[in-house]
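predicted model follows, preceded by the sequence.
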Amino acid sequence: MLLEIKNLQARVADKPILKGIDLALDAGQVHAIMGPNGSGKSTLAGVLAGREVYAVTGGEVLYEGADLLAMKPEERASAGIFMAFQYPVEIPGVSNMYFLRAALNAQRKARGLEELDAMDFLALVKDKAKLLGLDETLLSRPVNEGFSGGEKKRNEIFQMAVLEPRLAILDETDSGLDIDALKAVAVGINAMRSPERGMIVVTHYQRLLSYVVPDFVHVMHNGRIVRSGGKELALELERVGYAWLEEQAAVGS
Amino acid sequence: MSATVIPATEYESAYLAAFAGATLPGGARLGRTRQAAIERFGALGFPTTHNEAWKYTNLAPFLKTPYQPAPAAAFTGELPAASPGAVRLVFVSGRFAPELSTTHTLAGLKISRFKEAFTRRSIVDRIGATATFETNAMVALNTAMFEDGALVEVADGAVLDAPVELLFVATGEGSVAYPRNLIIAGRDSQARIVETYLGPGGARYFTAAVSEVLVADGAVIEHYKLQEESEAALHFGMLAVRQGASSNFVSHNIAFGGALARNEIAVVLEGEGADCNLNGLYVTGGRQHVDNYTTLDHAQPHTTSHELYKGVLDGTSQAVFHGRIIVRPEAQKTDAIQRNKNLLLSDGAVINTKPQLEIYADDVKCTHGATVGQVDADAIFYLRSRGIPLAEARSLLTYAFTNEMIGTMKVESVRARLGPLLLRRLAGGGA
């Protein structure tokens, strides 16, 4: 099993956000996590990536059998976990190329591999940029600075393509994209699907899932997964929305 | 030499005695300037924290043991690589070092040791005309004591195709040197001047330097000051500039070194349409103290100035940014922007930042702003989430903060040297 989440609980400050999440994901699978705003989807993604604002208060997460929660964010990255950010950070003064090379070489070093020299790296990056149809001028620009929303999201997918993770977590990668940008991002994601790689696609809308078809769909509400199913669940949600969750919660309480 | 001067405090007496006992170059005319200067120095005394302009910078601990005039010494260390084609003069402990200097010149450039020009009345008359010593004890001390430095004259209309590099290397423990430069840029000329101040690691010495720059109408001058003194050194520098009409002057003031370093820049925009850019970067660590005191004097209409100083402070180091902008009554349509941005890497670091705007004209645009902050936590997480370890993420982001200043520099050799130097320093967590 690539990833096992068992009864995971987490809070921000004094507010419990995750109230017992269970999820198992195998290599080669794409799991979509859907749900209304505030359901805890992005918190789950953040906890998996190691964001420090979230305090884990219970449960465990095993990544390839190892205790993920004991690992630092950079150790998780080197172990093969990648999160595409909902809001990619702008870093003025550092070029995209420099940043990516530093990241790739840090990961290679952590894995005991030789660092890539500038020439080999350039060849790799050009190759990946071509694969995603990414404008090469973005490579020499400072990381995300002045990028449009679509460019930022494509840059995340581009980073994923260069870093080749074992587990990719895409946090609302579709938000704020027009249909053309969405299609471009979906092409990038699909190009990365492989039997060796697992993906968690966090999204509010079904839209992206028309292009990136998931193997499993989970619905989160109020810090829990309240329903799981196949790809048809996403279509159902698109039809009926999330209002039923509130009714269910009212009945349940 | 002549009349006895009563020192303001005990710290001055050794310097007054050194003046009295010294045989300084120059004729009677320069001698009179020196005499007036030493008298001003004696009357003013070394600045103390009671002086508003020195409020945050305390010289006293550095003055207890007087610095002695430096003995002649050879320099055997390594100097920074020169720019291709650059004309370079090197001064070791204030004395010209021909074996380390270049001998060629550039079309339109006349460069010599200052000392060799003391017979030229037009030159002697300019000494102290821009860097006035009436109210500045440190400038007064330099004016009284200086022996040598560079005289750089750029002919009208000349465009120098390589930079002029002036290097001042300290050698002697406990010694003092007074480098002095005069740069005269003719009408519509263009030049790049790089001043570098260096010293052997750990050495305790005092450098008190003054450079005067006259930028004639239409001239375009880019000036660099790279202050890389030893971490135990006391450094004072004054860069005094006068700008003619439609001239452009850019200063890059980089401060890495010194136990205590004070850098003053005083620019008078005395020609209509003159434009000035002051770029500064100070990187401090340990117990270093770096003080930047800049004055932009807008004296004529349609003059513009852009000032950006950035600081990175670590350890228990302290820095000061004091930015004074004067807009004279006749200087209508002045456009002045001043910004000071600081990154504090530790809890113990202290920055004092102070804008001082004196505006006497009514149709002007003057803005200023200062920020003090830490490395952005979201950015650190972003880098870590890509596999870059915490310490490396921090230093990369700090480097990125400073990179903007390097990006504005046109001399490639300076950029090429500063980049790695900064990375090393920031990776090492300061001094």
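Cool, got the structure. Numbering: from 1, shown residues only, chains lettered A, B, ... in the order given.

helix, strand, or coil at B:Leu421?
For B:Leu421, the assignment made with DSSP: H, G, I helix; E, B strand; the rest coil gives helix.

surely it meets B:Leu281?
No: counting by Cβ atoms under 8 Å, B:Leu421 does not reach B:Leu281; the two are 11.3 Å apart. In short, each C-beta sits where N, CA and C put it, glycine included.

in contact with the residue lying closest to A:Val143 once chain neighbours are set aside, which residues?
Using Cβ to Cβ, 6 or more residues apart in numbering or on different chains and skipping residues adjacent in sequence, the residue nearest A:Val143 is A:Ile91, 4.0 Å away. Neighbour list for A:Ile91: A:Phe99, A:Pro142, A:Val143, A:Asn144, A:Glu145, B:Ala379, B:Tyr382, B:Leu383, B:Leu397, B:Ala400 [criterion: Cβ atoms under 8 Å, 6 or more residues apart in numbering or on different chains].

again, but for A:Phe158
Taking Cβ under 8 Å, 6+ apart, we find A:Phe158 in contact with A:Lys128, A:Ala129, A:Leu132, A:Leu134, A:Leu138, A:Gly188.

which one of these is nearest B:Pro80?
Using Cβ to Cβ, A:Leu138 comes nearest to B:Pro80 of these, at 34.7 Å.

just checking the helix or strand where the closest one lies against chain B, any contact.
In the assignment (DSSP states H and E), A:Leu138 maps to helix A:137-140. No: counting by Cβ under 8 Å from any Cβ of the partner chain, chain B is not contacted by helix A:137-140; separation bottoms out at 12.9 Å.

continuing past that helix, what's the next helix or strand?
strand A:142-143.

packing partners for that next one?
Judged by 3 or more Cβ pairs under 8 Å, 6 or more residues apart in numbering or on different chains; DSSP states H and E, the packing partners of strand A:142-143 are strand A:91-95, helix A:96-110.

starting at the chain centroid, how far to the last one?
Between the centre of helix A:96-110 and the centre of its chain there are 19 Å (Cα atoms, centre = their mean, to the nearest Å).

dump it to CSV, keeping only the CA atoms.
Only the C-alpha atoms of helix A:96-110 are listed here, as CSV (Å, rounded to 0.1, in the frame of the first residue of the first chain):
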residue,chain,number,x,y,z
ASN,A,96,12.2,29.0,-11.8
MET,A,97,15.1,27.1,-13.2
TYR,A,98,17.4,27.7,-10.2
PHE,A,99,14.6,26.7,-7.8
LEU,A,100,13.8,23.5,-9.6
ARG,A,101,17.4,22.5,-9.9
ALA,A,102,18.0,23.1,-6.2
ALA,A,103,14.9,21.1,-5.4
LEU,A,104,15.7,18.2,-7.7
ASN,A,105,19.3,18.0,-6.5
ALA,A,106,18.3,18.2,-2.9
GLN,A,107,16.0,15.3,-3.4
ARG,A,108,18.6,13.3,-5.4
LYS,A,109,21.2,14.0,-2.7
ALA,A,110,18.8,12.8,0.0
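
buried residues in it?
Across helix A:96-110, burial judged by 16 or more other Cβ atoms under 10 Å in any protein chain shown covers A:Asn96, A:Met97, A:Tyr98, A:Phe99, A:Leu100, A:Arg101, A:Ala102, A:Ala103, A:Leu104, A:Asn105, A:Ala106, A:Gln107.

same thing with stretch B:355-371?
B:Pro355, B:Gln356, B:Ile359, B:Ala361, B:Val364, B:Cys366, B:His368, B:Ala370.

from these, which two are the most distant?
Farthest pair in those, by Cβ to Cβ: B:Ala361 and B:Ala370, 23.5 Å.

what about the chain, any weak spots by pLDDT?
As the question left the chain open, I've gone with chain A. Across chain A, the ranges flagged by pLDDT under 70 are A:251-253.

other chain: chain B
Using pLDDT under 70, the flagged stretches of chain B are B:1-9, B:428-431.

where do the helices sit along the chain?
All of this refers to chain A. Using DSSP state H, the helices of chain A run over residues A:41-49, A:73-78, A:96-110, A:118-132, A:137-140, A:149-163, A:179-192, A:231-240, A:243-252.

my bad, chain B
Applying DSSP H to chain B gives helices spanning B:13-21, B:28-44, B:60-63, B:121-124, B:137-145, B:377-384, B:390-407, B:412-427.

CSV for those, including mean neighbour count?
Converted to CSV, the helices of chain B look like this (neighbours: other Cβ atoms under 10 Å in any protein chain shown):
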stretch, mean neighbour count
helix B:13-21, 17
helix B:28-44, 19
helix B:60-63, 14
helix B:121-124, 14
helix B:137-145, 25
helix B:377-384, 21
helix B:390-407, 20
helix B:412-427, 17
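
for the residue of the stretch 1-150 of chain B at minimum distance from chain A, what are its contacts?
Residue of the stretch 1-150 of chain B nearest chain A, by Cβ to the nearest Cβ: B:Ala81 (21.5 Å). For B:Ala81, the contacting residues are B:Ser413, B:Arg417, by Cβ under 8 Å, 6+ apart.

the residue of the stretch 51-200 of chain A found nearest chain B: neighbour count?
Distance from chain B to each residue of the stretch 51-200 of chain A (Cβ to the nearest Cβ) is smallest for A:Gly93, at 3.1 Å. As a burial measure, A:Gly93 scores 20 neighbours (other Cβ atoms under 10 Å in any protein chain shown).

so it makes contact with B:Glu404?
Yes: between A:Gly93 and B:Glu404 there is a contact under Cβ under 8 Å: 5.8 Å.

I'd guessed B:Gly273 sits against B:Ala331; true?
No: between B:Gly273 and B:Ala331 there is no contact under Cβ under 8 Å: 11.3 Å.

most distant residue from the middle of chain B?
Distance from the C-alpha centroid of chain B peaks at B:Ser385, with 41.0 Å (Cα atoms, centre = their mean).

how close does that residue get to B:Arg417?
Using Cβ to Cβ, to the nearest Å, B:Ser385 is found at 33 Å from B:Arg417.

ignoring the adjacent residues along the chain, who's closest to the residue of the stretch 51-200 of chain A closest to chain B?
Nearest to A:Gly93 is B:Ala400, by Cβ to Cβ, 6+ apart, at 3.1 Å.

quick one, what contacts the one you found?
A:Ile91, A:Pro92, A:Gly93, A:Val94, A:Pro142.

repeat the analysis, applying 10 Å as the threshold.
By Cβ atoms under 10 Å, 6 or more residues apart in numbering or on different chains, the contact list for B:Ala400 reads A:Ile91, A:Pro92, A:Gly93, A:Val94, A:Ser95, A:Tyr98, A:Phe99, A:Pro142, A:Val143, B:Val375, B:Ala379, B:Leu426.

repeat that for B:Gly186.
B:Gly186 neighbours (Cβ under 10 Å, 6+ apart): B:108, B:153-158, B:214-219.

run through the bridge partners of the closest residue to B:Leu357 other than its chain neighbours.
Distance criterion Cβ to Cβ, 6+ apart; nearest residue to B:Leu357, sequence neighbours excluded, is B:Ile325 at 5.1 Å. Listed by DSSP bridges, the beta-bridge partners for B:Ile325 are B:Leu296, B:Leu357.

just to revisit the earlier point, quick one: which of B:Gly273 and B:Ala331 has more around it?
For the pair B:Gly273 and B:Ala331, the greater number of neighbours falls to B:Ala331 (24 against 19), based on other Cβ under 10 Å.
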